[in-house]
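1. one predicted model, sequence on top.
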Amino acid sequence: MKKRVMAGLLVFLLVLSMTAAGCGKKSPQETEKTPSSGKQTEEDINEDTNDKENESNEGTSDQDGKPEDTQGSGQDALPLCEEKQTLSFWFVWSNSYIESPNETPGAKKMEELTNVHIDYLPVASSEATEKFALMLASGNHPDMMLDFGYPGGGDAGIAEGVFVKLNDYVNADYMPNYSRFLEDEAIRKDTITDSGNIYAIYAMATNNFAEPDAENPWAGLMVRRDWLQDLNMETPVTIEDWEKMLTAFKEEKGAEAPLMIGSNGIIDGGNTIGTQQDEGYFISAYGILSEFYQKDGKVMYGPIQPEYKEYLTLMNDWYNKGLIDPNFMSNNAGVFMPNDYSATGKTGAGRGHFIASANFFALNGMSEDEDFFLQGVQAPVLNEGEVAQARNVNNPVREAFAISTSCKNVELAIRWLDYQFTREATLLNYYGVEGETYTINPETGIAEYNEWVLQNPDGYTAVDAHYLVGRGQGVGAFDYTKEFQVQDDSFFEAGRTWAKDGISLKLPDKMSMTAEEGSRFNSSYIDIQTYVQENTVKFITGAKPLGEFDAFVDGILAMDIEDCVALKQAALDRYNAR
């Protein structure tokens, strides 16, 4: 049983950290132990998608996405069609115990109610980039698909005849359930392109299916609370507090790497090139981030600011004092602290995932210290009373799901997608079938898992079992509060703490460049990013003296960083004008 507990919790930690989430096909979610289905060749794709197209029925819309005269009324009327229809659906999904969402009681019930069979084409996230590219290249596409990074974005997908333009469908007549989410202006802006096109239907995070609602941060800074208590120290707030705490961790607790940081000298949460995910722990105390950020609507680049030198000075000082991991270049803890450090007392602070907080390591036998406890803390600031303005962010607008021009019944696909935003579908997707896997609390009206999940007869943990009741994540309304029923509340305290920090320095998650801009940006910025990361490490370790910082900035300016900033600015301006 302990092995199942460990598998469930560790897998959950892994998948929630991924940017393109999708529950379902290979365990509580996805794990490195998941058997690969093998590389998908163009022949595989052609055979699969041709089969799906042959099963689909002739539709009621033309290829540019304009509905015919028949009005899409009665969206809540079930079934959605008189004769059984089939739609194919490509998305990221993993589950260790079942091969398809159609094996779950929730999916079976949904098919019975809608009279629509979904031919799921699930892929593991580790293979999704390759398989998405192969699928696009094949020219044969499923009816509905997760957009896993279409080159040039949604506008290009429409222009190149791959995605159906959905503007004429996303309204109260055709999609009343989805449209209610778009009444929030901030939500609406994140579901359209800069050109005003609607190329996809977005999954939405909700709190008990009430309104669109961002989850608390999944990750952030954590410190050993049990060590703080032993040392009679308060939770650190300022940079000065952190230095005192890290010194005590080194001298009193014997930590060889008191603070873990990323191999690039930053704790950024795994920010990748060209994205807006920089979380900027410690560096945000100086009012900047390690890459692109904004102040009052103006895009700026952190490494050319004077404050970047202040951050480097701090890290260099802490490196010399033994307060940060001396092997940070190889340990790379910019995303998560390695278990062999955090669980063994080699470190006392770093970035971690909420599910590995609290007493996780002691509970699962990974630490011999019964008092082991990782506490989520806010990002440090220079002065008490200040609040850091960057952190991990979960946008309520989630993954984008497009309808392909290969779909022969666009209107049915639209109706099925809209149904996913009803309370009934949400319960089927996340709680299963009433009476079998959950009940409704008569006082609160909230769905509550029953003994099939909480005390599973087949020996699954509650964490594992609740991934077996329905399709789970994917298109539709996502009820993140379901996790509260299968995890101890202590694991969620960290997220509530991290949510207290601000996000004003961060660029909008859904702003985007055109294909031409992206190509131009990458042609310069890939080299700039490499140059910055290499020199940042040298400044921190002392391999390069801080007196050469001005020359370092001149080097960045000579590599056309101003053009990169201008491209980011143009993207931000277009986003704000949506």
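-> That came in fine, so what should we check first? Given the structure is predicted, the values throughout are model-derived calculations rather than measurements.
2. helix or strand: which one has Gly269?
-> Under DSSP states H and E, no helix or strand contains Gly269.
3. residues near it, how many?
-> The number of residues packed near Gly269 is 24, by other C-beta atoms under 10 Å. Where you see a C-beta, it was placed from the backbone N, CA and C, and this is true even at glycine.
4. can you pull the pLDDT of it?
-> At Gly269, the predicted lDDT confidence score is 71.
5. now do the one 4 residues further on
-> For Ile273, the pLDDT comes out at 45.
6. do me a favour and get the backbone dihedrals for Glu434.
-> For Glu434, the backbone dihedrals (degrees, to the nearest 10) come out as phi -60, psi 130.
7. quick one: neighbours of it, just the number.
-> Other residues close to Glu434 by other C-beta under 10 Å number 15.
8. which residues are in contact with it?
-> 427, 440, 447 (C-beta atoms under 8 Å, 6 or more residues apart in numbering).
9. wait, which of the residues you listed is closest to Pro101?
-> Checking the contacts of Glu434 against Pro101 with C-beta to C-beta, the nearest one is Leu427 at 15.0 Å.
10. the closest one contacts Glu448, doesn't it?
-> No: applying C-beta atoms under 8 Å as the test, Leu427 and Glu448 come out as separate, 11.2 Å apart.
11. neighbour count winner among those two?
-> Leu427 (23 against 14).
12. grab the nearest non-local neighbour of that one.
-> Among residues not flanking Leu427 along the chain, Ala447 sits closest, at 5.6 Å (C-beta to C-beta, 6 or more residues apart in numbering).
13. distance of the closest residue to Pro303 other than its chain neighbours from Ala388?
-> Nearest residue to Pro303 in three dimensions, chain neighbours excluded: Val532, at 4.9 Å (C-beta to C-beta, 6+ apart). Distance from Val532 to Ala388, counting by C-beta to C-beta, to the nearest Å: 22 Å.
14. what about the residue nearest to Pro303, neighbour count?
-> For Val532, using other C-beta under 10 Å, the count is 26.
15. that one: helix or strand, and which one exactly?
-> Using DSSP H and E, the element containing Val532 is helix 515-541.
16. summarise which helices and strands that helix is packed against.
-> For helix 515-541, the elements it packs on are helix 306-320, helix 549-557, helix 561-577, judged by 3 or more C-beta pairs under 8 Å, 6 or more residues apart in numbering; DSSP states H and E.
17. out of these, nearest to Leu505?
-> Per C-beta to C-beta, nearest to Leu505 of the helices and strands packed on helix 515-541: helix 306-320, 11.6 Å.
18. pull out the buried positions in that closest one.
-> 308-312, 314-316, 318-319 (16 or more other C-beta atoms under 10 Å).
19. just put the residues you listed in TSV and tack on distance to Glu183 and pLDDT.
-> Formatted as TSV, the buried residues of helix 306-320 follow (distance: C-beta to C-beta, whole Å; pLDDT from 0 to 100):
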residue	distance to Glu183	pLDDT
Tyr308	41	98
Lys309	46	98
Glu310	44	98
Tyr311	42	98
Leu312	46	98
Leu314	45	98
Met315	46	98
Asn316	51	98
Trp318	48	98
Tyr319	51	98
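20. ok, of these, which one's closest to Ser523?
-> Tyr308 (23.8 Å).
21. ok, the closest one - contacts?
-> 283, 286, 288, 302, 549.
22. so which of those sit within helices?
-> In this view, those that belong to helices under DSSP state H are Phe549.
23. which SSE is immediately downstream of the element among helices and strands of the chain having the smallest mean pLDDT?
-> Sorted by mean pLDDT, DSSP states H and E, the helices and strands of the chain end with helix 42-55, the least confident at a mean of 39. As assigned by DSSP H and E, the chain's next helix or strand after helix 42-55 is strand 85-92.
24. by how many degrees do the next helix or strand after that following strand and strand 85-92 diverge?
-> Moving toward the C-terminus from strand 85-92, the next helix or strand (DSSP H and E) is helix 105-114. Between helix 105-114 and strand 85-92, the angle comes out at 150 degrees (axes from the mean of the first three to the mean of the last three C-alpha atoms, to 10 degrees).
25. may I see the buried residues of helix 105-114?
-> Applying 16+ other C-beta under 10 Å to helix 105-114 flags 105-111, 114 as buried.
26. name the helices or strands packed onto the helix or strand following that helix?
-> Scanning forward in sequence from helix 105-114 by DSSP H and E, the next helix or strand is strand 116-123. Secondary structure elements in contact with strand 116-123, counted by 3+ C-beta pairs under 8 Å, 6+ apart, are helix 42-55, strand 85-92, helix 105-114, helix 410-419.
27. and the shortest one, what does it pack onto?
-> Going back to what we said before, that points to strand 85-92. Using 3+ C-beta pairs under 8 Å, 6+ apart, strand 85-92 is in contact with helix 42-55, strand 116-123, helix 125-138, strand 144-146, helix 410-419.
28. can you say which of those is nearest to Ile266?
-> helix 125-138 (24.3 Å).
29. okay, the angle between the closest one and strand 85-92?
-> Using the same axes, to 10 degrees: helix 125-138 against strand 85-92 is 120 degrees.
30. what mean pLDDT does helix 125-138 get?
-> Mean predicted confidence for helix 125-138 is 93.
31. show me the shaky parts of the chain.
-> 1-76, 270-277 (pLDDT under 70).
32. domain ranges for it?
-> Following automatic domain parsing, the chain resolves into domains at 2-213+396-475, 219-393+494-498, 515-577.
33. quick one: those as a markdown table, columns for distance to Leu505 too.
-> Listed next are these as a markdown table, based on distance: least, C-beta to C-beta, whole Å:
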| stretch | distance to Leu505 |
| --- | --- |
| domain 2-213+396-475 | 18 |
| domain 219-393+494-498 | 4 |
| domain 515-577 | 13 |
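34. closest one to Lys506 among these?
-> domain 219-393+494-498 (5.5 Å).
35. tell me the gap between that closest one and the middle of its chain.
-> 20 Å (C-alpha atoms, centre = their mean, to the nearest Å).
36. contact partners for the residue nearest to Leu427?
-> Counted by C-beta under 8 Å, 6+ apart, Ala447 has contacts 427, 431, 434, 438-441.
37. give me that answer again for 10 Å
-> 208-209, 423, 426-427, 430-432, 434, 437-441, 479, 481-482, 485 (C-beta atoms under 10 Å, 6 or more residues apart in numbering).
38. in strands only, show me these.
-> Among the contacts of Ala447, DSSP state E puts 438-440, 479 in strands.
39. helix/strand/coil for Ser367?
-> Local secondary structure at Ser367 is given as coil here, using DSSP: H, G, I helix; E, B strand; the rest coil.
40. most neighbours out of the contacts of Tyr308, which is it?
-> Ile283 (30 neighbours).
41. how much space between the closest residue in space to that residue that isn't next to it in sequence and Glu399?
-> Nearest residue to Ile283, sequence neighbours excluded (C-beta to C-beta, 6+ apart): Tyr311, at 4.7 Å. Distance, Tyr311 to Glu399, using C-beta to C-beta: 34 Å.
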